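**Q** Task: produce atomic coordinates for the following.
(2 chains)
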Amino acid sequence: MIRVALPAHLRTLASVSGEVALDIPGPAPDAAAVTLGMALDALEERHPVLRGTIRDQATGRRRAFVRFFACQQDLSHESAEFPLPQAVAAGAEPLLIVGAMAGG
Amino acid sequence: MSGVRVLVGTRKGAFVLTSDGTRQEWSVAGPEFPGWEIYHVKGSPVDRARIYASQSTGWFGQLIQRSDDGGRSWQPVGKEFAYDGIPGTHQWYDGTPHPWEFARVWHLEPSLTDPDTVYAGVEDAALFRSTDAGETWQELSGLRGHDTGSRWQPGAGGMCLHTIIQDPVNQGRMFAAISAAGAFRSDDAGTTWRPINHGLQSEGIPDPEAEIGHCVHRIALHPSRPDVLFMQKHWDVMRSDDAGENWHEVSGNLPSDFGFPISVHANEPDTVYVLPITSDSYRFPPEGKLRVYRSRTGGNEWEALSAGLPQQNCYVNVLRDAMDVDSLDECGVYFGTTGGQVYMSADGGDSWDAIVRDLPAVLSVEVQTLP
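**A** Below you'll find the predicted structure:
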């Protein structure tokens, strides 16, 4: 199980409060092998309304003003194959999906 | 008793204003989708409970919302607007080829006959259609695929398809307008298109009479006389009497012929409303006075309508989708400003009052006349 924290607008859209807890699909996944892409796939599978709001539906590219943080690291520029930190993969720390501070 | 529902899209959410047919007392509901830009909200003319809304932000992209109960509740529907085939390029501001990239939905136009069919005008300019109440969208790519498409350029606000009009008499005829490509017409339900810009003159382009490149801001028609079109161009108020084949200027005595919206009275096909703005450089009303101008002669002769509107220190703008009329016996006229006011006249424009004054900047105003 991993934990994902969404920005307020996406919590409203997905009708959730607080963090989202996600089971990563697959046969007994090795926690160390949970990737950023797997987490986003699981999030969009659970909440299809979020498809396209975090990453482009066609290209899979992160939207420009959305950032991914975890364990004090900026994962925004990492690929979908990037393994999440052990603490995130184990559910001890959340993956933070953040709306960038922008617009003045 | 009849009533009116005014659907207001703003920079920070949607609002629904309702009144009975007297249009004296109003209730204001909203914001729906608070914090999101709502470029357009429009109801189906055949099922007034069915409403579509375009919701977007620069952070999280585009959503489409649908209500099946007159705006009391909403559900997100399809939001994938994929250009048909390999999109190719249009011209960028600097004249270089630029790939077509979806940015947002500017305008939603529900079908005149089927509540599950709705058209979407998007940036970068393209026309999409849904036939399943917004769940899925398909491009009508004959428009963007027109021979001139690779030469279209964006206006200052982006290259948006902002006007979609279905001809209620001539089956299959549609009109669309794009900033800054111009006006287009289809006679086969949107499959193929051709420019209809003959007679437009735009000094801001190398050939003022070019086939394309005109910054059309808005087109309007009266459903009983669909061959007569009225256009607010960037500069110039124009009229066509032959479904866009030829245009002639009807700016007449307007204090400025720059502006964005244009509307036709619901019961008088020759009564037209515009809202002059000083210039493209200033984008506020002349002399700081907010005045709607009405022509009862189909253009050229215009009278200022100012009763109840601010006549000093007013520096708001009124955007292209932010004016509409109801269809009650005494036609109501409505418009919203970038200052957040929504004004209403229940007497065809003779007198005005604000329904609400402090909304976020208004992007669109659409009116549903209820039985």
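
**Q** how far away is the closest residue to A:Gly91 other than its chain neighbours from A:Ala39?
**A** Excluding its sequence neighbours, the residue lying closest to A:Gly91 (Cβ to Cβ, 6 or more residues apart in numbering or on different chains) is A:Met1, at 4.8 Å. The C-beta positions use only the backbone N, C-alpha and C, and glycine is treated the same way. Distance, A:Met1 to A:Ala39, using Cβ to Cβ, to the nearest Å: 11 Å.

**Q** Which one's more surrounded, those two?
**A** More crowded of A:Met1 and A:Ala39, by other Cβ atoms under 10 Å in any protein chain shown: A:Ala39, with 24 against 10.

**Q** so who does that one touch?
**A** Taking Cβ atoms under 8 Å, 6 or more residues apart in numbering or on different chains, we find A:Ala39 in contact with A:2, A:4, A:22, A:24, A:84, A:88, A:95.

**Q** Which of those fall in strands?
**A** A:2, A:4, A:22, A:95 (DSSP state E).

**Q** Tell me the buried residues within these.
**A** Among those, those that count as buried by neighbour count (16 or more other Cβ atoms under 10 Å in any protein chain shown) are A:2, A:4, A:22, A:95.

**Q** quick one: low-confidence parts of the chain?
**A** Here I'm looking at chain A. Confidence mapping of chain A against pLDDT under 70 gives the ranges A:26-32, A:103-104.

**Q** looking at chain B here, not the other one
**A** Confidence mapping of chain B against pLDDT under 70 gives the ranges B:1.

**Q** can you list the residues of the stretch 1-150 of chain B near chain A?
**A** B:35-36, B:57-63, B:76, B:79-80, B:82 (Cβ under 8 Å from any Cβ of the partner chain).

**Q** so can I have a markdown table of those residues showing distance to B:Arg225?
**A** Listed next are the residues of the stretch 1-150 of chain B next to chain A as a markdown table, based on distance: Cβ to Cβ, whole Å:
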| residue | distance to B:Arg225 |
| --- | --- |
| B:Gly35 | 42 |
| B:Trp36 | 37 |
| B:Thr57 | 40 |
| B:Gly58 | 41 |
| B:Trp59 | 44 |
| B:Phe60 | 43 |
| B:Gly61 | 40 |
| B:Gln62 | 35 |
| B:Leu63 | 37 |
| B:Pro76 | 38 |
| B:Lys79 | 36 |
| B:Glu80 | 38 |
| B:Ala82 | 37 |
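
**Q** May I ask which of these has the most neighbours?
**A** B:Trp36 (26 neighbours).

**Q** List the backbone torsions phi and psi for it.
**A** In this entry, B:Trp36 is assigned phi and psi values of phi -100, psi 150 (degrees, to the nearest 10).

**Q** Grab the nearest non-local neighbour of it.
**A** Here the residue nearest B:Trp36, using Cβ to Cβ, 6+ apart, is B:Gln55, at 4.8 Å.

**Q** got the CA coordinates for whichever strand or helix holds that neighbour in PDB?
**A** Per DSSP states H and E, B:Gln55 falls inside strand B:51-57. The C-alpha coordinates for strand B:51-57 follow below in PDB (Å, rounded to 0.1, in the frame of the first residue of the first chain):
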ATOM      1  CA  ILE B  51     -26.300  21.800 -19.300                       C
ATOM      2  CA  TYR B  52     -22.600  21.500 -20.300                       C
ATOM      3  CA  ALA B  53     -19.700  23.400 -18.800                       C
ATOM      4  CA  SER B  54     -16.100  23.800 -19.800                       C
ATOM      5  CA  GLN B  55     -13.800  23.800 -16.700                       C
ATOM      6  CA  SER B  56     -10.100  24.300 -16.900                       C
ATOM      7  CA  THR B  57      -7.000  25.500 -15.100                       C
END
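
**Q** Perfect, I'm done here.
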